[in-house]
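A.B. asks: Fold the following and give me the result.
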Amino acid sequence: EMQCLGRWWATLHRSQWPEENTEGILSDFDSVDHNESKGDTVGDRRQEIVFIGPGLGAQTFQSAITEMLDSCLLTDEEWETFRLNR
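C.D. replies: As a prediction, the model looks like this:
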């Protein structure tokens, strides 16, 4: 089942953050200097995937999945090109 579990803190103005949790929120950010209007970091945005099933804990399976998923990621150069051209 897919459902919306909420918003990323990065999409909300800091005045909307619970003051007592600011440090914890920022610990999830890719940069504590995140500025949504500048668009130079992604804040706390990320996607996570979980595999559940028998035999999925085997190191060879985990290594194969990790390698396959890592091959889908942008290189630093590709990310910089995207960031500068959006």
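A.B. asks: ranges for the helices of this structure?
C.D. replies: 22-26, 59-70, 76-85 (DSSP state H).
A.B. asks: Please report the distance of the spatially most central residue of the chain from Ser71.
C.D. replies: In the chain, the residue lying closest to the centroid (CA atoms, centre = their mean) is Arg46, at 2.0 Å. With distances taken as CB to CB, to the nearest Å, Arg46 is found 18 Å from Ser71. For the C-beta atoms, the positions are set from N, CA and C on the backbone; glycine is no exception.
A.B. asks: Could you do Lys38 as well?
C.D. replies: 30 Å.
A.B. asks: One more: Ser37?
C.D. replies: Computed with CB to CB, the distance linking Ser37 and Ser71 is 33 Å.
A.B. asks: Give me the below-cutoff pLDDT ranges for the chain.
C.D. replies: 1-5, 36, 39-40 (pLDDT under 70).
A.B. asks: try it again with 80
C.D. replies: The chain contains residues with pLDDT under 80 at 1-7, 32-41, 86.
A.B. asks: Pull the residues that contact stretch 50-68.
C.D. replies: With CB atoms under 8 Å, 6 or more residues apart in numbering as the contact definition, stretch 50-68 has no outside contacts at all.
A.B. asks: ok, 10 Å please
C.D. replies: Applying CB atoms under 10 Å, 6 or more residues apart in numbering, the contact partners of stretch 50-68 are Ile49.
A.B. asks: Just the terminal-to-terminal distance for that stretch.
C.D. replies: Length of stretch 50-68, first residue to last, CA to CA, to the nearest Å: 15 Å.
A.B. asks: and what of stretch 49-60?
C.D. replies: Start and end residues of stretch 49-60 are separated by 18 Å (CA to CA).
A.B. asks: Could you do stretch 64-84 as well?
C.D. replies: Terminal residues of stretch 64-84 are spaced 33 Å apart (CA to CA).
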